[in-house]
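Chemist: let me see the structure of the following:
(one chain, ligands or ions: 1)
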Amino acid sequence: MVGYIDIPAVLEETSTAGETEADNPSRDSPARLTESMIQARRKRPLDRGVCAQKQWITFTLNLHSNTQRTSMILVTGGAGFIGGNFVLDWCFGSDEPVVNLDKLTYAGNLETLASIADNQKHIFVQGDIGDRSLVACLLADHRPRAVINFAAESHVDRSIHGPGDFIKTNIEGTYNLLESVRGYWSNLNDIEKHSFRFLHVSTDEVYGSLSSTDPAFTETNRYEPNSPYSASKAASDHLVRAWHHTYGLPVLTTNCSNNYGPYHFPEKLIPLMIVNALAGKSLPVYGDGMQVRDWLYVKDHCSAIRCVLRAGRLGETYNIGGWNEKPNIEIVRTVCTLLDEFRPKADGTSYAAQIIYVTDRLGHDRRYAIDARKMERELGWKPAETFTTGIRKTVQWYLDNPKWVANVQSGAYRDWMQKQYAGATP
Ligand SMILES: NC(=O)c1ccc[n+]([C@@H]2O[C@H](COP(=O)([O-])OP(=O)(O)OC[C@H]3O[C@@H](n4cnc5c(N)ncnc54)[C@H](O)[C@@H]3O)[C@@H](O)[C@H]2O)c1
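Modeler: Got it, this is the predicted structure:
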C-alpha cells in the first residue's frame, strides 16, 4: 500500500533556515511540542508548512500515531548498500518500525527495498540529513529511540574527482544531523534520554594506510586519513565524538572494513568485476593489484551494528572487520574462479583472461587491516561468514538478480520509484 507520512507542519513558525534550537533556545522546538500542539498544527493546511514543502515519499501508510507511540528507530542512508541491507534485515528480523531517511543520490536505490514495499513497519522518506527542519519534523513525529547514520558519499574515486559533495554530506550533513538530534534528545524525558542512542557508521579508512608488517588497526590508532572520502569521514567521526564529550549526546561509532554482498552498487570492486566479467568487458585492476583490504560480508556488518546499538558503551568506538585480509588481485581472481564454476564461458576460457592492470588511483592506500577483538571481547560479536562462504553467496546473488543489476547500469533504477509509485508524490 502506498501512502504518505503524516507529518505535522510543526516548523513553519519554529525554525528559520540554518537555525537550531541551540542557536535560539527560546524558539518552540518540535521536540518540546505537546501532543495537543502537534495535533492542532496538523490541522493546518499542509501546503503552508516547511515539512509539506518537501518531497515526501513513503512506502507505507504511517500507522504510527503520536498518541500510541511504539518504540522505533530512524535510519539514514537506508536506500544505499549497507543501509539497505540493514533495513531489510531489520524489517525481517524485528517488529520495531524503522523510518528510513535517504536523499536518493545516485547511490540510493529503492529497488533494493522492493521486498518491503508493503511492509507497514518501513517508512521511507526522501530527504537530506542536512535538512534540519525535515529531520526535526521526523524526530518530533516518530520519536525514535535511536538514530543510525549510514548516509554518506562513499566512493573514494568520486571523492578524488569531486570532493565537494563529500564535504557537504559527510561533514556538514553529519553536523546538521547531530544538531537536529541534539535538539530532539535534550527535550526527551529522563528515561528516554538515558536509553537514546546515536550510532554513527564509519570506516577503517580514517586510520590511513599500513605497511605489510604493521599490526591491524585498533580503536586507539591515530586518525591519518589520506583521501577526501576518508578525511570527510574522519571529520564526521570527530564531530560525533565532540557532541558526546561536549553535550553528552549518547553516541556510538563503528569503523568497519570493506563490505561486500547483495545490492552493492557496481562501481565498487567486487560487483564491478562480476558485471564486467559477465558482459565480456575488461576487469580493470589498479596498479599492481596488491593493495590489501579486509573484507566483511555486509550481513555481518549489519549484525555488528545491531550488537553495538544494543550493548555498546556510550562514547566508544568499535572496529568491525572480517579477519579476511586480501590483496585486490586475489579478490578479482576469486570472483573469476567462481564465475568459471557458476557460469562457465562457452569457449572454455577463464574470466581471469579479462583482467587488465590500469594506472593506480591517486594516493592509493596500500593496506588496511582491522583488529576486531574489542567487538568480540565486549559484545560477543564475530562474523558468521568467512570470505569463502560470503563471496560465493555474493557472486550467486548477482547471477540471480540480473534485473537489479541491469536497472542500476542503465540508470532505470532512478525511474523505478516514479513508475512503481506513479502519482504517489503529494
Ligand atoms: N561500503 C563499504 O565498504 C563501507 C565500509 C565501511 C564503512 N562504510 C560506511 O557505511 C555507510 C554506508 O555505506 P554504503 O556503502 O552503503 O554507501 P552507499 O553510497 O551505497 O549509500 C549511501 C546512501 O546514503 C544516501 N545519502 C547520500 N547523501 C545523503 C544525504 N545528504 N542525506 C541523506 N541520504 C544521503 C544515498 O542516497 C545512499 O542511499 C557510509 O557512511 C560509509 O562511509 C562503508
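Chemist: can you list the buried residues in the host helix or strand of Cys91?
Modeler: In the assignment (DSSP states H and E), Cys91 maps to helix 81-93. For helix 81-93, a neighbour-count test (16 or more other Cβ atoms under 10 Å) marks 81-91 as buried. (C-beta placed from N, C-alpha, C; glycine too.)
Chemist: could you do stretch 106-121 as well?
Modeler: 107-113, 116-117, 119-121.
Chemist: tell me which stretches of the protein form strands.
Modeler: Along the chain, counting by DSSP state E, strands occupy 73-76, 98-102, 122-126, 146-149, 197-203, 251-256, 258-260, 283-286, 292-297, 317-320, 325-327, 355-358.
Chemist: for the fifth one, packing partners?
Modeler: Judged by 3 or more Cβ pairs under 8 Å, 6 or more residues apart in numbering; DSSP states H and E, strand 197-203 is in contact with strand 146-149, helix 174-185, helix 228-247, strand 251-256, helix 298-311.
Chemist: ok, residues contacting the helix holding Cys91?
Modeler: Contacts to helix 81-93, defined as Cβ atoms under 8 Å, 6 or more residues apart in numbering, come from residues 73, 75-78, 96, 98, 100, 102, 107, 109, 112-113, 115-116, 119, 121-122, 148, 150-151, 154, 201, 259, 261-265, 268, 298-299, 301-303, 305-306.
Chemist: stretch 184-199 now?
Modeler: 21, 29-32, 136, 139-140, 143, 145-149, 178, 181, 240, 243, 247, 249-254, 305, 308-309, 312.
Chemist: so how far is it from its chain's centroid?
Modeler: 22 Å (Cα atoms, centre = their mean, to the nearest Å).
Chemist: just the pLDDT for the residue in the stretch 301-426 of the chain that the ligand sits nearest to.
Modeler: At 7.3 Å from the ligand, His301 is the closest residue in the stretch 301-426 of the chain, using Cβ to the nearest ligand atom. Note on His301: pLDDT of 98.
Chemist: burial count for it?
Modeler: By other Cβ atoms under 10 Å, the residues close to His301 number 26.
Chemist: also the one 3 residues further on?
Modeler: Burial of Ala304, expressed as a neighbour count using other Cβ under 10 Å, amounts to 25.
Chemist: is it true that it touches Ser257?
Modeler: No - Ala304 is beyond contact range of Ser257, at 10.8 Å (criterion: Cβ atoms under 8 Å).
Chemist: what sits closest to Ala235 if chain neighbours are left out?
Modeler: Ile171 (4.7 Å; Cβ to Cβ, 6 or more residues apart in numbering).
Chemist: so what's that neighbour up against?
Modeler: 232, 235-236, 239.
Chemist: let's go with 7 Å and repeat that
Modeler: Counting by Cβ atoms under 7 Å, 6 or more residues apart in numbering, Ile171 touches 232, 235-236.
Chemist: same thing with Tyr229?
Modeler: With Cβ under 7 Å, 6+ apart, Tyr229 has these contacts: 156, 159, 166, 205.
Chemist: list just the nearest of the residues you listed to the ligand.
Modeler: Glu205 (7.5 Å).
Chemist: just the C-alphas of stretch 307-325, formatted as CSV.
Modeler: Provided in CSV are the C-alpha atoms of stretch 307-325 (Å, rounded to 0.1, in the frame of the first residue of the first chain):
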residue,chain,number,x,y,z
CYS,A,307,25.1,-5.5,18.7
VAL,A,308,26.7,-2.1,19.2
LEU,A,309,23.3,-0.5,19.2
ARG,A,310,22.1,-3.0,21.8
ALA,A,311,25.1,-3.1,24.1
GLY,A,312,27.9,-0.7,23.0
ARG,A,313,29.3,1.6,25.7
LEU,A,314,28.5,5.2,25.2
GLY,A,315,31.1,7.3,23.6
GLU,A,316,33.1,4.3,22.5
THR,A,317,34.2,3.4,19.0
TYR,A,318,34.2,-0.2,17.7
ASN,A,319,36.3,-1.6,14.9
ILE,A,320,34.3,-4.1,12.8
GLY,A,321,36.1,-6.5,10.4
GLY,A,322,36.0,-9.9,8.9
TRP,A,323,39.5,-11.2,9.6
ASN,A,324,39.8,-11.5,5.8
GLU,A,325,42.8,-9.5,4.6
